Each structure stands twice: as C-alpha cells, then as structure tokens.
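J.: Structure, please.
(2 chains)
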Protein chains: 2
Amino acid sequence: MTQAKATRRLIILTEGHTEPITGKTASCILRYRPEEVVALLDSTKAGHTAQELMGVGGSTPVVAKLADAADANTLMIGIAPSGGRIPPAWKAIILDALSRGMNVVSGLHEFISDNPEFAAAATKSGAQIIDVRKNDEHDVSHRQNIREECLRIHTVGQDCSIGKMLVAVELTNALKKRGKDAKFIATGQTGIMVEGDGVPIDRVIADFVAGAIEKQVLAQQHHEMLVVEGQGSISHPKYSAVTLGLLHGCAPHAMILCYEAGRTNVYGMEYVKLQPLDKLLKVYETVASLVSPSKVIGIAINSRLLNAEQAAAERDKTRREFGLPTCDVVRDGPDELADAILKFNTERSLK
Amino acid sequence: MTQAKATRRLIILTEGHTEPITGKTASCILRYRPEEVVALLDSTKAGHTAQELMGVGGSTPVVAKLADAADANTLMIGIAPSGGRIPPAWKAIILDALSRGMNVVSGLHEFISDNPEFAAAATKSGAQIIDVRKNDEHDVSHRQNIREECLRIHTVGQDCSIGKMLVAVELTNALKKRGKDAKFIATGQTGIMVEGDGVPIDRVIADFVAGAIEKQVLAQQHHEMLVVEGQGSISHPKYSAVTLGLLHGCAPHAMILCYEAGRTNVYGMEYVKLQPLDKLLKVYETVASLVSPSKVIGIAINSRLLNAEQAAAERDKTRREFGLPTCDVVRDGPDELADAILKFNTERSLK
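T.: Next up is the predicted model:
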C-alpha cells in the first residue's frame, strides 16, 4: 500500500525540539510542504503556532497529543538528532500512532520497522512504516558515462546543520523560475521527504557512498542542471566521511559554500572550534579537484541570528573578503547565487 | 561454537586470482599466518606452489579441489574484489565446503551467512560461517577521553592495494622488536584475519566511520603506540569516504605515506590517473590537520615491480625529493621508518 503524497496529512513530532535546528526536518517540511502539515506535536509547547517557534509554518498549531489533530493520517518524526536514535520518550507516541492506523515516516538511523513492537502494531492496524534512511546501496563509483553537459552544482559547508539543503532547494527553484530544467538531488532524510526522491547518503555503507550519489547523477543527468545537497563538512570530526564521499561521487563543476554567521564552534561538539571559512574554501577546491576540477563560485550565509542591519554588514564583509557572489537565500532571496550559477555555466560552455 | 585460532587449518580460495594484488588476502595470510595454511585452491594453477605465484608462502601447494587438502577444516575466501561480491563460479565451492562441515571465513561485502542456501548447509553440517566485514557500528565520534600520550601512527596511500596494511604490520612488529608496546589496529578484512581484532571500516555506515575507528583507539590506547592501517586514498574516486572518515577518526599524530613505484593509474580504474605523490602528501597533512595536527614523517615504497638496482635508485630519488625517511619495508626492512617513528615520538614528548 503506497501512500499517495497528495493525501498525506501530517502531524510532525517535535516533542521538546520545536525550534529550527534540532527540529530541522519539521522546519523544512513546514517550508516546502506546508499544505501537508496539520499540526506539530509537542506537549511542552501546545497552544503556540509553528511560526512563533520555528519562524515558518504560519498558523499551523502545536498540539499536545495525537487526538488533538484528528485529521492527520501520518506521524512524521520531525527531528534529526546526532546518531539518529529514537528518543525513548517518543516510543509510546509512535506506538499510539501505529495502533490508530496512522502511517509513520521517519528519517532516523534507528529504523521504526526494525522494532518488533512497532512492526506488530503496524501489521495489526494496516499502518505503513516509511524509514526514509533505509537503503540497499551496494555499488561503487565508476566515473563513466557521465554527461558533462549537465551542470553539477553542490552545496558544501563549514559545519552540519547550517542550511545546505535549504540553499540547494532555493537555488533549484530560482533556476527553474529562470526557465532552466534544474533538479534538486536530495541526499538527506529531510531533503528526500521534501523532494520525494534522492539517497540517504549518510546511511550508505562507506565503500558505496560515492557510488550511491553517482547513481543519482546518472539517473538525473537528462536534466540541464543538478543541484546536489551537501552533508556535514570536510572538517567535521563525525561526518567528514559522508562529506568527501558525496563530494567525490557527485564531482561538482562548482560549489556554493554555506556558513552560519556567528557560529564559532562545531554544532553538537561545542568543544571543537570551526575551521576558518577561507581555509575551508581552499580545502574544498583542492579535495574536490582530486577527482574532477571544481571551484567555489558563491557563498550562502545563514544569517538567522542577525538583525537586518547586521546581516547586510555581514554580507558586505564576506562579499569583499572572498570577491564572490554572496547572499542569504532566505533573507535576500537566491538571485545573486542563481545568477552566479548561470554565468558559470555560460562561461564553461564557451571553453 | 567459536573456532580456536590455533586449530584453524586453512585452504584459501584464490580461484583464477593466485597473484599478489587481487589475491591480497591470501598473500597476507601466507605472510603472517603461514602455520595455518594447508593449501591454496585454484584449479587453474594446481601443482604450483604459493611461492612461485604469490612471492610468499614457500612450498604451500596450490590444489585443484577441496578433497586435495583433506587436512583443512576451514575455507577462507582469499580475494578482495572491488564491490566485494561473491564470484558466481565460487558458490558451488563454498557450498561444497559447508556441506563437508568446513567452516568458511569471508571478508566479502556480500555476506556468506545472508545466503539461505549457504546458511542451511552450515546449519545441517554444523559448520561455522565467519563474515569478517559484518558489523553493527552505530556510534558517532566524540573526540573526547583520548589519551594523547599514546602515539597514533597511520599509514595513508596514493591508491588502494599498495600495501598500507603490510607496512602497518611490519612497523608494528619492528617497534615491538625495539621493546615498545605497539599495537596494530586492523581496519580491513585481511588485517582483521591476521590480527584477530579490528574494525572492517569500509563496511561501516558512513555516519559512523569516524566513530568506529575512534572506538578502536579508545579501546587500545593503554598501549604505548598504535599503528592504524589506512584504507583507499584521499583521491580515490570510489573509496575516499572511507579514507577520510578513518583519518579523522583515528586522528594520527603522524602518517607514513605509501606508494607503489611504477604505478601511474588508479588500480581497477585504469582510465583515472593517480595524483602526484607530493600533492597528496600536502593534501593528507592539510585534511588530517582539520581535526588534529598531523604530518607525514616517512614514505613507504612498494617496489615489487622493480629489480634491486631500480629499487635502490627509486628509494634514493624519493628520499631526496621529500627529505624524509624512505624504504620498502619488505625489501629493505622497516628500520628506517621505525626509527623515524621513535624519533618523532621522542621529539613530541619534549615539546
């Protein structure tokens, strides 16, 4: 029983995490699939709206229990914690949803369908469990049959959880608005939930990371341009394996470097300092070019912690320092970076 | 029923691959566990000796069928092909071994125990299946509680299949001979088969690669020094995810850079040129240092394709070019690199 996307009516579980970073899955679904969202589920914040707590989602209510969103037919896990385990306190809620016959969509590493109690409840009620990170990728990269006319853009970052997916989606949409046949390539659970396809690259066996994203490129290179969502950071102590395999597997012609203004330490590892952006820019260009020539052609700022004046100053400063097109795709709109991509593509086709 | 290592009597399956590179698992077991090997199984080379075909293993015979090595109680899969699938032609041999009650040890990605026919045969005969790459690593790296007094050395390389494991084992043994409490940390199936412990890092889910090797470091850092086996190459189009996750997860104080003299193209991807060694040396130092300061302190040559005179010239040339201790640990012995490690360790302890 495949659930048609149009009929999905979501209640998104964000218990204790109804905020933009830990709750980034919820936040992105509210941004890109608002018509599907009935409510957020967070007993600690019931009565508020999504807009108040997440900065997106308008009047979507936060409710205290499943029964308060009777219209919902699907429970979506709305957080993406490091390590991807199911928070123990959520187990009763998931079980309740499955017992009511609600489908459960999860992007966690710990699969809902692997839990015998959950699986039994789903079987009994006829509910469907969709573990977005489940995959059976078993192919290595070959770097053959790649259509170089198809432009490959990749968002890379200074850290995890800074908006590489959001930048990729906004740039894809901006390119489409300009009449280009652009396709967003999702590589994380949230991106896949938004786009409906892609590969959960951080869940792939290490030997097959490059092969798994290369397979996406081969399947989608009939498009004019691909914007491939980045993961983690080349300097991230936990996740750099994912970052480099993805970078080499999609072999981008050009990269957009993403950072969050004001962030100084690794998210979730506050005892580790972030590497300077200028150093990372050079490292990304160097390591990407080990497999295929690539350069950073623009910088995306996440300026959510700044006011308008500070954000404008930050944008000026970064643009000056790097001499590259620079913007916050949410605050400023994605035009400057979309233009940079089109200019790059024109120039490379003239070579 | 755990099989005591002392009683393992191996017949190693190398059908059609009784040579040092594709058959590197067989070759390393012959080198480091010769007392366990009864025969090699290769119907295309029966009658030869291991020494003739592999350059190690002395008079160990190559036989045509299982029945020709009646003393063997364990079939070991002796190749490590890209992608790690079971060659279809070998299935009958594996099934025959299991039906005879012989244990089967495999380092392939495709698990023997996942095949219902193999599993049924093992259950029926009481044979044991040991899939060395099977793991359940699910922990991210934390970079905490690391004992910096324990020296961490890591072998990194210009390509896959050039001897990073062999260099790590030889250096560990050389350090032990000098009275140091050194431990080899195996990260691949062959290393694990030789050492009896370690982690099959290329089979770990990408998010947990750094965490999995960090766990090995934490478990073994009561030793004076660890020599961690490297995997792939930072520039390898297929496997760089494994390489970088391993590098960042073990966060070496110093690295030994390994290359094969005369190799110009990526092994198994002959249409891809290798990156120059001097460039790779800088890239390794740069990316390793994103997580923890590190430098290359010596170079290990695999000079198997050269004669004695050529090998001596290559060694001189490389030593001059890089100004670093340089040797082929097999041909020249590991002394020069072992000395370099001890010198480095003394100098860092004086800082």
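
J.: Which stretches in chain A count as helices?
T.: Chain-ordered helices for chain A, with DSSP state H as the definition, fall at A:24-32, A:50-54, A:91-99, A:116-125, A:164-177, A:189-195, A:209-220, A:240-250, A:277-289, A:308-322, A:335-350.

J.: Nearest to chain B, out of those?
T.: helix A:240-250 (2.6 Å; Cβ to the nearest Cβ). C-beta here means a position set from N, CA and C on the backbone, and glycine is covered the same way.

J.: what angle do the closest one and helix A:209-220 make?
T.: Between the direction of helix A:240-250 and that of helix A:209-220, the angle (axes from the mean of the first three to the mean of the last three Cα atoms, to 10 degrees) works out to 40 degrees.

J.: Next to chain B in this structure, residues from the stretch 101-250 of chain A, please.
T.: Residues of the stretch 101-250 of chain A lying near chain B by Cβ under 8 Å from any Cβ of the partner chain: A:109, A:138-144, A:201-207, A:209-211, A:234-235, A:237-246, A:248-249.

J.: neighbours of the closest residue to A:Leu306 other than its chain neighbours, just the number please.
T.: Closest residue to A:Leu306 apart from its sequence neighbours, by Cβ to Cβ, 6 or more residues apart in numbering or on different chains: A:Ala261 at 5.6 Å. Other residues within reach of A:Ala261, judged by other Cβ atoms under 10 Å in any protein chain shown, total 19.

J.: Not counting residues beside it along the chain, what's closest to A:Lys176?
T.: Beyond its immediate neighbours in the sequence, the residue positioned closest to A:Lys176 (Cβ to Cβ, 6+ apart) is A:Ala182, lying 5.3 Å away.

J.: so the one you found makes contact with A:His223?
T.: Yes. In this structure A:Ala182 lies within contact range of A:His223 using Cβ atoms under 8 Å: 6.6 Å.

J.: what about these two, which has more around it?
T.: For the pair A:Ala182 and A:His223, the greater number of neighbours falls to A:Ala182 (22 against 17), based on other Cβ under 10 Å.

J.: got the contact list for the more buried one?
T.: Contacts of A:Ala182 were listed using Cβ atoms under 8 Å, 6 or more residues apart in numbering or on different chains, and they are A:Leu171, A:Thr172, A:Leu175, A:Lys176, A:His223, A:Glu224, A:Met225, A:Leu226, A:Val227.

J.: again, but for A:Glu224
T.: A:Glu224 makes contact with A:Cys150, A:Leu151, A:Lys180, A:Asp181, A:Ala182 under the criterion Cβ under 8 Å, 6+ apart.

J.: Looking at the residues you listed, spot the one nearest chain B.
T.: So of these, ranked by how close each gets to chain B (Cβ to the nearest Cβ), first place is A:Cys150, at 18.1 Å.

J.: The closest one contacts A:Met225, doesn't it?
T.: Yes. Applying Cβ under 8 Å as the test, A:Cys150 and A:Met225 come out as touching, 6.7 Å apart.

J.: more crowded one of these two?
T.: Neighbours around A:Cys150 and A:Met225, counted as other Cβ under 10 Å, are more numerous at A:Met225. The numbers are 22 against 17.

J.: Name the residues linked to the more buried one by a beta bridge.
T.: Listed beta-bridge partners, A:Met225: A:Leu151, A:Ala182 (assigned using DSSP bridges).

J.: Can you give me every residue that contacts it?
T.: Applying Cβ under 8 Å, 6+ apart, the residues contacting A:Met225 are A:Cys150, A:Leu151, A:Arg152, A:Ile153, A:Leu175, A:Lys180, A:Asp181, A:Ala182, A:Lys183, A:Ile341, A:Asn345.

J.: roughly how far apart are it and A:His154?
T.: In this view, A:Met225 and A:His154 are 12 Å apart by Cβ to Cβ, to the nearest Å.

J.: Ok, A:Glu347 next?
T.: 18 Å.

J.: So between the two, which is more surrounded?
T.: A side-by-side neighbour count of A:Glu347 and A:His154, using other Cβ under 10 Å, places A:His154 first with 27 against 10.

J.: Would you enumerate the residues in contact with that one?
T.: Contact partners of A:His154, counting by Cβ under 8 Å, 6+ apart, are A:Val227, A:Val228, A:Gly230, A:Leu246, A:Leu247, A:Cys250, A:Pro252, A:Ala254, A:Met255, A:Ile256, A:Ser294.

J.: Quick check: chain neighbours aside, which residue is closest to it?
T.: When the adjacent residues along the chain are set aside, A:His154 lies closest to A:Pro252, with 3.6 Å between them (Cβ to Cβ, 6+ apart).

J.: ok, now which ones touch the one you found?
T.: With contacts defined as Cβ under 8 Å, 6+ apart, the neighbours of A:Pro252 are A:Arg152, A:Ile153, A:His154, A:Val228, A:Ala288, A:Ser292, A:Ser294.

J.: can you check A:Ala311 too?
T.: Under the contact definition (Cβ under 8 Å, 6+ apart), the residues listed for A:Ala311 are A:Ala261, A:Ile301, A:Ser303, A:Asp328, A:Arg331.

J.: number of nearby residues for the second one?
T.: Other residues within reach of A:Ile301, judged by other Cβ under 10 Å, total 27.

J.: That one contacts A:Lys317, correct?
T.: No. With the criterion set as Cβ under 8 Å, A:Ile301 and A:Lys317 do not qualify as a contacting pair; they are 9.9 Å apart.

J.: before we move on, the earlier item: name the stretch among the helices of chain A that sits most buried.
T.: Sort the helices of chain A by mean neighbour count, taking mean count of other Cβ atoms under 10 Å in any protein chain shown, and helix A:240-250 sits at the top with a mean of 30.

J.: That one vs helix A:277-289, what angle?
T.: With the same axes, to 10 degrees applied, the angle from helix A:240-250 to helix A:277-289 works out at 50 degrees.

J.: Model confidence score at the closest residue to A:Glu314 other than its chain neighbours, please.
T.: Once its chain neighbours are removed from consideration, A:Glu314 has its nearest residue in A:Ala261; the separation is 4.8 Å (Cβ to Cβ, 6+ apart). Taken from the predicted model, the pLDDT recorded for A:Ala261 is 98.

J.: shouldn't A:Ala261 be in contact with A:Asn302?
T.: Yes. Taking Cβ under 8 Å as the contact criterion, A:Ala261 and A:Asn302 are neighbours in contact, 6.8 Å apart.

J.: Got the domain ranges for chain A?
T.: Domain assignment for chain A, taken from automatic domain parsing, gives A:5-131, A:151-350.

J.: Can you tell me which of those has the worst average pLDDT?
T.: domain A:5-131 (a mean of 93).

J.: Check the offset of that domain from the chain's centre.
T.: Centroid separation between domain A:5-131 and its chain, computed with Cα atoms, centre = their mean, to the nearest Å, is 17 Å.

J.: Stretch A:164-182 now?
T.: 14 Å.

J.: Only C-alpha atoms, please: export that stretch in PDB.
T.: Coordinates of each C-alpha in stretch A:164-182 appear next as PDB, following Å, rounded to 0.1, in the frame of the first residue of the first chain:
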ATOM      1  CA  LYS A 164      23.000  23.300   2.800                       C
ATOM      2  CA  MET A 165      19.700  21.600   1.900                       C
ATOM      3  CA  LEU A 166      17.700  24.800   2.100                       C
ATOM      4  CA  VAL A 167      20.200  26.600  -0.100                       C
ATOM      5  CA  ALA A 168      20.100  23.700  -2.700                       C
ATOM      6  CA  VAL A 169      16.300  23.800  -2.800                       C
ATOM      7  CA  GLU A 170      16.100  27.600  -3.100                       C
ATOM      8  CA  LEU A 171      18.700  27.700  -5.900                       C
ATOM      9  CA  THR A 172      17.000  24.900  -7.800                       C
ATOM     10  CA  ASN A 173      13.700  26.800  -7.500                       C
ATOM     11  CA  ALA A 174      15.300  30.000  -8.600                       C
ATOM     12  CA  LEU A 175      16.900  28.300 -11.600                       C
ATOM     13  CA  LYS A 176      13.500  26.800 -12.600                       C
ATOM     14  CA  LYS A 177      12.000  30.300 -12.400                       C
ATOM     15  CA  ARG A 178      14.500  31.400 -14.900                       C
ATOM     16  CA  GLY A 179      13.300  28.700 -17.200                       C
ATOM     17  CA  LYS A 180      16.100  26.200 -16.600                       C
ATOM     18  CA  ASP A 181      15.500  22.500 -16.300                       C
ATOM     19  CA  ALA A 182      17.100  22.200 -12.900                       C
END
